[in-house]
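Undergrad: sequence first, predicted coordinates after that:
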Amino acid sequence: MKRQHLVIGSMVLASILLLGAVLIVSSDEEEDEGPSGEQTTAEWTTLMWMCMEGDLGEYNMGLCNLHFLEMVPDNELVNVIIILDKELEGDTQLLELHQNGSTVLNLTDIDPEWGHNELNTGDGEQLLKFLNWGADNYPAMRYNVHLVDHGGGWRGMCWDTLSSDHLDLPEIGRTMEGFKEHIGKNVDILSTEACLVGMVEFAYELKDSCDYFVGGSTYGWGAEAEPDQDIWEAGNWQYDDCWMELSKDPRMSAEEFAMTMGSTFLPFGPWRAPPFIPKEGYSDVFGIFNLSNVQPLVDALDKIARELIPKMTGLGQTVNQGLLINTVIGHPEYQSSSLYTEYFSHQMDWAGISSYTNYDVWDLANQLGKSSAGTIRSSHSKEVMDAVEDLILMFRNTYDDGGHPDAHGVSIYIPYRSSVYNPDYEQIKFAQDTQWDEFIKSVHWT
């Protein structure tokens, strides 16, 4: 009898243990279940923030990007989650990417107050809510944040026209820091489809929160579509090719995926703009930044700034300013010449704020190191050039006549004249931690 009781007791105990195991498994499955069903920890989650208000929405750029993304085969180890905000009120969508048709999710899954289906995509707090929710519901070993819209260099990107707001650079930096805190590690890649953001200023703002940064120094060329006529024209970013490679090899490292973004990027140009609107249409300079190497470049640029300030303000300042403006920088209509620094803008920018000017960092140092720089020749030129080569893992440019053959993937702000200096520059970390803002103000004795 005692043995029988023991057997029955063992059977009962086994049943209890089995039931407990079933409950544990069920609980785990419920925890892994995302908005569209059961989820596992992926290798990669890309969180896309497409601010398509204004003319980009009218060109159907976001829809065109989505069209090419939906060509990518599904892979359970890769998640792509998208906020797509088009040009009209109430048309913001939350999408889970799938081949041949994405799943539309409820924005209220992220925030119950988002039931009006219209986000301010120029608000860093709303972006951070999306990123945190995405990481919680689509957990992955590595995370890519991808921002898409008009860009304004160091002033930021994602101009939300309905809200009269945009993500300024300090706001982007704070958002990435908040996301880093949420996931407990650096963001693996912050990538951008935007004009002019491939700058040392942008990279420096992100250096403590992201491992890699991907962005272009020039004006970008976005996708356009006429869906009713089944016309889809990709821009510089080849979304199908890029994420197809990730789908094929989801275990690629952050560096490998960033390099894939660079290798699939399609430069457009060169072509000439009308006189006095130099390089208006170029979209051929693109860089992959290893942010662990940005500090040496910043330190070297600070040395150049400190070296040049007394020459711009002291004895011989008129001659030295002339050498900088007319010899080192040069006139924008003659940028194809090897005598002048490569630069990528000067026309009125999209936002209509001011004329915007950014110069290639490597080539600026190169010109400052030549004997033609005369009394402003820098002793730190090679240090800057070497630091650029350590920072930029890959750059794309156009070598044809009229392109940017001397560009090396990262630019820096120098206003063309004192009247276009923007004092908001002093709010970014690069200006606060270096003498670069003091240097550019000294050039025009403002």
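TA: Alright, I've got the coordinates.

Undergrad: could you report the neighbour count for residue 107?
TA: 20 (other C-beta atoms under 10 Å). Quick note: C-beta positions are derived from backbone N, CA and C, even for glycine.

Undergrad: before we move on, what about residue 87?
TA: 17.

Undergrad: what of residue 159?
TA: 23.

Undergrad: could you find the closest non-adjacent residue to residue 94?
TA: Once flanking residues are discounted, residue 94 sits nearest to residue 105: 4.4 Å by C-beta to C-beta, 6 or more residues apart in numbering.

Undergrad: all strands for the stretch 51-200 of the chain, in order.
TA: 78-85, 93-96, 103-105, 140-148, 157-160, 165-167, 187-193 (DSSP state E, counting those that start in this stretch).

Undergrad: compile the ones you listed into JSON lines and extend it with columns for mean pLDDT.
TA: Output for the strands of the stretch 51-200 of the chain, formatted as JSON lines (pLDDT from 0 to 100):
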{"stretch": "strand 78-85", "mean pLDDT": "97"}
{"stretch": "strand 93-96", "mean pLDDT": "97"}
{"stretch": "strand 103-105", "mean pLDDT": "97"}
{"stretch": "strand 140-148", "mean pLDDT": "98"}
{"stretch": "strand 157-160", "mean pLDDT": "93"}
{"stretch": "strand 165-167", "mean pLDDT": "94"}
{"stretch": "strand 187-193", "mean pLDDT": "98"}
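
Undergrad: rebuild these as JSON lines, extending it with distance to residue 207.
TA: Below are the strands of the stretch 51-200 of the chain laid out as JSON lines (distance: least, C-beta to C-beta, whole Å):
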{"stretch": "strand 78-85", "distance to residue 207": "26"}
{"stretch": "strand 93-96", "distance to residue 207": "30"}
{"stretch": "strand 103-105", "distance to residue 207": "33"}
{"stretch": "strand 140-148", "distance to residue 207": "15"}
{"stretch": "strand 157-160", "distance to residue 207": "18"}
{"stretch": "strand 165-167", "distance to residue 207": "18"}
{"stretch": "strand 187-193", "distance to residue 207": "11"}
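
Undergrad: quick one, which of those strands gets closest to residue 63.
TA: The closest of the strands of the stretch 51-200 of the chain to residue 63 is strand 78-85. By C-beta to C-beta, the value is 7.9 Å.

Undergrad: need the CA coordinates for the closest one. CSV is fine.
TA: Extracted C-alpha coordinates of strand 78-85, given in CSV (Å, rounded to 0.1, in the frame of the first residue of the first chain):
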residue,chain,number,x,y,z
VAL,A,78,14.5,40.4,-39.7
ASN,A,79,11.8,42.9,-38.7
VAL,A,80,11.1,46.1,-40.5
ILE,A,81,8.5,48.4,-38.8
ILE,A,82,7.5,51.7,-40.4
ILE,A,83,5.9,54.9,-39.5
LEU,A,84,4.7,56.4,-42.8
ASP,A,85,3.3,60.0,-42.5
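
Undergrad: mind listing the strands that strand pairs with, and their directions?
TA: strand 42-51 (parallel), strand 93-96 (antiparallel) (DSSP bridges).

Undergrad: in the first one, what counts as buried?
TA: For strand 42-51, a neighbour-count test (16 or more other C-beta atoms under 10 Å) marks 42, 43, 44, 45, 46, 47, 48, 49, 50, 51 as buried.

Undergrad: out of those residues, who's nearest residue 254?
TA: For these, the nearest to residue 254 is residue 44 (9.1 Å; C-beta to C-beta).

Undergrad: quick one, what contacts the closest one?
TA: By C-beta atoms under 8 Å, 6 or more residues apart in numbering, the residues touching residue 44 are 77, 78, 79, 140, 141, 142, 143, 144, 246, 250, 257.

Undergrad: who's it bridged to?
TA: residue 78, residue 142.

Undergrad: neighbours of the residue nearest to residue 94, how many?
TA: 18.

Undergrad: how close does it sit to residue 228?
TA: Computed as C-beta to C-beta, to the nearest Å, the residue 105 to residue 228 distance reads 26 Å.

Undergrad: then residue 91?
TA: Counting by C-beta to C-beta - residue 91 and residue 228 are separated by 17 Å.

Undergrad: how about stretch 307-317: buried residues?
TA: 307, 308, 309, 311, 312, 313.

Undergrad: before we move on, which element is the second one in?
TA: With elements taken from DSSP states H and E, the one containing residue 308 is helix 294-313.

Undergrad: what helices and strands are in contact with whichever helix or strand comes after that helix?
TA: Using DSSP H and E, the helix or strand that follows helix 294-313 towards the C-terminus is helix 317-322. Where contact means 3 or more C-beta pairs under 8 Å, 6 or more residues apart in numbering; DSSP states H and E, helix 317-322 is packed against helix 294-313.

Undergrad: now do the helix it packs on: distance to the chain's middle.
TA: Chain-centre distance of helix 294-313: 25 Å, with C-alpha atoms, centre = their mean, to the nearest Å.

Undergrad: count of neighbours near the spatially closest residue to residue 410 that is not a sequence neighbour?
TA: Leaving aside its sequence neighbours, residue 410 sits nearest to residue 361 (C-beta to C-beta, 6+ apart; 5.0 Å). Neighbourhood size, residue 361 [other C-beta under 10 Å]: 28.

Undergrad: show the backbone phi and psi for residue 361.
TA: The phi and psi torsions at residue 361 (degrees, to the nearest 10) take the values phi -70, psi -50.

Undergrad: same check, this time on residue 116
TA: Dihedral angles for residue 116 - degrees, to the nearest 10 - are phi -80, psi -10.

Undergrad: helices of the stretch 201-350 of the chain, start to end?
TA: 239-248, 254-264, 294-313, 317-322 (DSSP state H, counting those that start in this stretch).

Undergrad: what about the stretch 151-300 of the chain, any weak spots by pLDDT?
TA: 269-283 (pLDDT under 70).

Undergrad: let's see 50
TA: By pLDDT under 50, the low-scoring segments of the stretch 151-300 of the chain are 272-281.

Undergrad: for the stretch 301-446 of the chain, same thing?
TA: 333, 335, 347-354, 446.
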